[in-house]
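Q: Sequence and predicted structure below; questions after.
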Amino acid sequence: MKFEPRYCEKNVNVASQSYFREFLRLSLLLLGIVLAVYLVLGYAADKVAERLSPKFETAIAAGITSRFDSDDFPRTSQYLQKVLDSLASSAKGLPKLPYKVSVQDQATVNAMALPGGHIVVYRGLLSELKSENEVAIILAHELGHYAHRDHLHGLGRGLVLLSIMTALGLSGDLPGFIAPSLQTFDLKHSREREAAADIFAIDLFVRTYGHAGGAVDAFKVLARQGEEMKGPEFISTHPDILWRIASMTNHMQSKKYPKGAVSPLPGNGVLPFPDDSKEKSGTAGD
């Protein structure tokens with residue numbers, strides 16, 4: 001009889017499955033746990049943000065916004081403040097904050113809402129705007145973030161994300177695959193906030209001016225600049241700019257908002273005002 005050795009299926013010296021498969025399973029399990037923790041803590045941070053009083057927000061804002069206290073174009077900011085005050089007086093659901101706007105001398109094509117009611121607009125964005133309508137929709141969009149408490153939501157979620165990533169930093173290379181997943185969730189939330197602020201801005205614009213004429217022109221400027229189309233949407237904090245324009249246009253049509261005249265900028269129609277700048281040894285931000 002010829003001896004034929006049999007393969008032993010159960011052997012303590014042979015792994016029942018590959019190490020890679022086991023590592024993948026544990027990694028996915030850990031990722032799921034971390035994402036669940038982030039979602040729960042992010043939800044809790046959102047609820048806390050919604051309940052913060054304007055007085056408390058103003059108190060904590062001082063340490064966050066102090067670097068933006070200087071105003072590089074005072075006369076231009078005075079004009080923007082008049083537009084902002086008009087919008088704020090027409091807005092519904094705004095927290096009672098001391099809303100103010102200042103201009104920073106940087107080439108960035110952007111504006112942002114800081115805690116405490118301070119809106120910062122950069123020279124790079126202002127220089128692209130050609131009418132008061134475009135100025136108003138930008139400021140109305142930032143007011144939308146205050147109405148939805150987005151600036152506090154973002155701050156709270158940012159702290160949660162930082163805490164989780166710091167904790168995971170104690171475990172070797174774990175942040176290498178977990179951090180991008182957390183950031184993807186946060187970016188999706190950020191894009192949703194931007195889209196909601198767009199709709200708020202359109203409604204506030206019409207409530208203030210009585211029509212929707214020129215309401216999306218500023219976003220067309222951004223589209224031409226390509227500032228928000230440098231990468232895929234899933235890695236952007238803003239929705240695709242063309243999608244935003246289409247969404248706002250559809251909203252205006254569904255509401256049957258009337259069109260109206262575009263209001264020109266004061267003076268020679270250039271922002272910041274050409275004769276309005278502090279003396280500097282050089283131009284910041286270029």
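A: Cool, got the structure.
Q: next structured bit after the helix or strand encompassing L187?
A: According to DSSP states H and E, L187 maps onto helix 175-209. As assigned by DSSP H and E, the chain's next helix or strand after helix 175-209 is helix 217-225.
Q: wait, I137 sits on F205?
A: Yes - between I137 and F205 there is a contact at 5.5 Å, judged by CB atoms under 8 Å. Using the backbone N, CA and C atoms, a C-beta is placed for each residue, glycine as well.
Q: where do the contact lists of those two overlap?
A: Here I137 and F205 share the contacting residues A215, scored by CB atoms under 8 Å, 6 or more residues apart in numbering.
Q: From what I see, P239 and A196 are in contact.
A: No - counting by CB under 8 Å, P239 stays clear of A196, with 10.5 Å between them.
Q: And for R75, nearest residue in space, chain neighbours not counted?
A: Distances taken as CB to CB, 6 or more residues apart in numbering place D276 nearest to R75, at 4.0 Å, with adjacent residues excluded.
Q: again, but for L52
A: L152 is the one closest to L52 (CB to CB, 6+ apart), at 6.1 Å.
Q: and that neighbour, what helix or strand is that in?
A: Per DSSP H and E, L152 falls inside helix 150-168.
Q: how close does the residue nearest to L52 sit to A113?
A: Separation of L152 from A113 (CB to CB, to the nearest Å): 10 Å.
Q: Which residues are in contact with Q81?
A: So Q81 contacts 100-101 (CB under 8 Å, 6+ apart).
Q: what are the C-alpha coordinates of the helix or strand encompassing it, in PDB please?
A: Here Q81 sits within helix 74-90, counting by DSSP H and E. Extracted C-alpha coordinates of helix 74-90, given in PDB (Å, rounded to 0.1, in the frame of the first residue of the first chain):
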ATOM      1  CA  PRO A  74     -11.900 102.100   7.300                       C
ATOM      2  CA  ARG A  75     -14.000 104.100   4.800                       C
ATOM      3  CA  THR A  76     -14.800 101.000   2.800                       C
ATOM      4  CA  SER A  77     -15.800  99.200   5.900                       C
ATOM      5  CA  GLN A  78     -18.200 102.100   6.800                       C
ATOM      6  CA  TYR A  79     -19.900 101.600   3.500                       C
ATOM      7  CA  LEU A  80     -20.100  97.800   4.000                       C
ATOM      8  CA  GLN A  81     -21.400  98.400   7.500                       C
ATOM      9  CA  LYS A  82     -24.400 100.400   6.200                       C
ATOM     10  CA  VAL A  83     -25.300  97.600   3.800                       C
ATOM     11  CA  LEU A  84     -24.800  95.000   6.700                       C
ATOM     12  CA  ASP A  85     -27.000  97.100   9.100                       C
ATOM     13  CA  SER A  86     -29.800  97.200   6.400                       C
ATOM     14  CA  LEU A  87     -29.700  93.500   5.900                       C
ATOM     15  CA  ALA A  88     -29.500  92.700   9.600                       C
ATOM     16  CA  SER A  89     -32.600  94.900  10.300                       C
ATOM     17  CA  SER A  90     -34.600  92.900   7.800                       C
END
